[in-house]
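Peer 1: Fold the following, please.
(2 chains)
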Protein chains: 2
Amino acid sequence: MAAKGEKTREYILNESYILFAKKGFKQVTMKDVCEVTNMSRGGLYSHFSSTGELFEELLEVITQNDEMDFRDRIKKGTPAAVILDDALKRMEHELINDEDSLNTAMYEYAQTVDSGFFERLHKNSEKKWKELIKYGIKNGEFNDVDVDEIVNMILFSYQGVRMWNGIITIKTKTCRSIIRNIKRQLTGE
Amino acid sequence: MAAKGEKTREYILNESYILFAKKGFKQVTMKDVCEVTNMSRGGLYSHFSSTGELFEELLEVITQNDEMDFRDRIKKGTPAAVILDDALKRMEHELINDEDSLNTAMYEYAQTVDSGFFERLHKNSEKKWKELIKYGIKNGEFNDVDVDEIVNMILFSYQGVRMWNGIITIKTKTCRSIIRNIKRQLTGE
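Peer 2: Numbering: from 1, shown residues only, chains lettered A, B, ... in the order given. Sure thing, here's the model as predicted:
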């Protein structure tokens, strides 16, 4: 039964991802989630009590998957440059294909809650990136950069593009140049 | 008379800056502007027809002052490193003293209009920074960086911090590290 419950939860998260990406946060109701999942109100509420709870779990799962991926690969001894490349490719893909992302929903949700949840998400991202960069420096793969400084540049330039994408149209070339600069600072390439 | 009208316009812009910084865009009405300026409705409307018009002119004046400052100093032969230092200090000050800034108002306003106005502002910022960096490279003061790339990093890391400052609390240390990284890339310091 536990396994089945887990699977249903995952199914709800997957279906509502599409909903949040399309409609943002404010405009999604629990009724919408019932519709896209073909679930009854009772069935859905036994898993999630609100769209807020659903959305936070969705963001947490995505972030944790990313974190696990970094940590697992570091443990396995995957070269830091390979992990970096994959992560930057994911970032670039997200920046360019903005319409598939949860950005709008995220900013809308951030207006409605206190900062605790987002502080936590941000700290986790920070931690994950710092680990990777320290690992790369130790390995001799990355330049001997100021770790805090470069992590702030990674996270905030990425967020800047994500944010402005909602306001002006940002060219693919611009997204790519941000990614290139980060890579250049780390590997000199 | 033209001079007096100009002075009144400037006075209205200055007083409404404080209002927009404090209340954002959505919550400011023309009535509020009348109150803080001690002007009659008729008097105010002879200068601005809406808070939107007022706000756009405010942002344009700020951006133009900044631009003129860059261009004037380049023409006078002020070292690029000095112009850069002053500009980064202003950016740092704005990031750290977020409560005096128009950030919230700007994001609120951006939700209500099409992207044209912000595209223009962004292009002007881009142009201004590119000129400074090319000048610094030509002078031999700056490293031979990829101009487009570094300008994107400057503008988007700055916007990322500005944006996230409304969601989580960003430490002074973090703002400083962003500024330091830009300086490091340009001057190696």
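Peer 1: Beyond the helix or strand containing A:Arg90, next helix or strand please.
Peer 2: Per DSSP states H and E, A:Arg90 falls inside helix A:80-96. Using DSSP H and E, the helix or strand that follows helix A:80-96 in sequence is helix A:103-112.
Peer 1: on that earlier part again, tell me which residues are up against the helix holding A:Arg90.
Peer 2: Residues outside helix A:80-96 that contact it (C-beta atoms under 8 Å, 6 or more residues apart in numbering or on different chains): A:66, A:70, A:73-74, A:100-101, A:132-133, A:135-136, A:139, A:141-142, A:158, A:161-162, A:165, A:170, A:172, A:175-176, A:178-179, A:182-183, A:186-187. To be clear about C-beta, it is placed using only N, CA and C from the backbone, and glycine gets the same treatment.
Peer 1: how about A:Tyr109, what does it touch?
Peer 2: Per C-beta under 8 Å, 6+ apart, neighbours of A:Tyr109: A:Phe25, A:Gly52, A:Phe55.
Peer 1: swap that for A:Ile154, sorry
Peer 2: Contacts of A:Ile154 by C-beta under 8 Å, 6+ apart are A:Trp129, A:Ile182.
Peer 1: and the strand or helix carrying it, average pLDDT?
Peer 2: Assigned by DSSP H and E, A:Ile154 belongs to helix A:147-164. On average, the pLDDT along helix A:147-164 is 92.
Peer 1: Go through whichever helix or strand comes after it and flag the buried ones.
Peer 2: Sequence-wise, the next helix or strand downstream of helix A:147-164 (DSSP H and E) is helix A:172-187. For helix A:172-187, the neighbour count (16 or more other C-beta atoms under 10 Å in any protein chain shown) marks A:Thr174, A:Cys175, A:Arg176, A:Ser177, A:Ile178, A:Ile179, A:Arg180, A:Asn181, A:Ile182, A:Arg184, A:Gln185, A:Leu186 as buried.
Peer 1: Wondering if helix A:172-187 reaches chain B at all.
Peer 2: Yes: judged by C-beta under 8 Å from any C-beta of the partner chain, helix A:172-187 comes into contact with chain B through A:Lys173, A:Thr174, A:Ser177, A:Ile178, A:Arg180, A:Asn181, A:Arg184, A:Gln185.
Peer 1: ok, back up a step: weed out the non-buried ones from the contacts of A:Tyr109.
Peer 2: Listed as buried from those are A:Phe25, A:Phe55; burial here means 16+ other C-beta under 10 Å.
Peer 1: Let me know the secondary structure of A:Gly140.
Peer 2: coil (DSSP: H, G, I helix; E, B strand; the rest coil).
Peer 1: Pull up the gap between it and A:Ala81, please.
Peer 2: A:Gly140 sits at a distance of 11 Å from A:Ala81 (criterion: C-beta to C-beta, to the nearest Å).
Peer 1: Touching, A:Phe117 and A:Glu57? I think so.
Peer 2: No: assessed by C-beta atoms under 8 Å, A:Phe117 is found out of contact with A:Glu57, at 10.9 Å.
Peer 1: about what we covered before: tell me the one of the contacts of A:Tyr109 nearest chain B?
Peer 2: Among the contacts of A:Tyr109, A:Phe25 lies closest to chain B (C-beta to the nearest C-beta), at 13.3 Å.
Peer 1: Switch the buried residues of helix A:172-187 over to JSON lines; also include pLDDT.
Peer 2: Output for the buried residues of helix A:172-187, formatted as JSON lines (pLDDT from 0 to 100):
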{"residue": "A:Thr174", "pLDDT": "93"}
{"residue": "A:Cys175", "pLDDT": "91"}
{"residue": "A:Arg176", "pLDDT": "92"}
{"residue": "A:Ser177", "pLDDT": "95"}
{"residue": "A:Ile178", "pLDDT": "94"}
{"residue": "A:Ile179", "pLDDT": "94"}
{"residue": "A:Arg180", "pLDDT": "95"}
{"residue": "A:Asn181", "pLDDT": "96"}
{"residue": "A:Ile182", "pLDDT": "96"}
{"residue": "A:Arg184", "pLDDT": "95"}
{"residue": "A:Gln185", "pLDDT": "96"}
{"residue": "A:Leu186", "pLDDT": "96"}
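Peer 1: Fine by me, thanks again.
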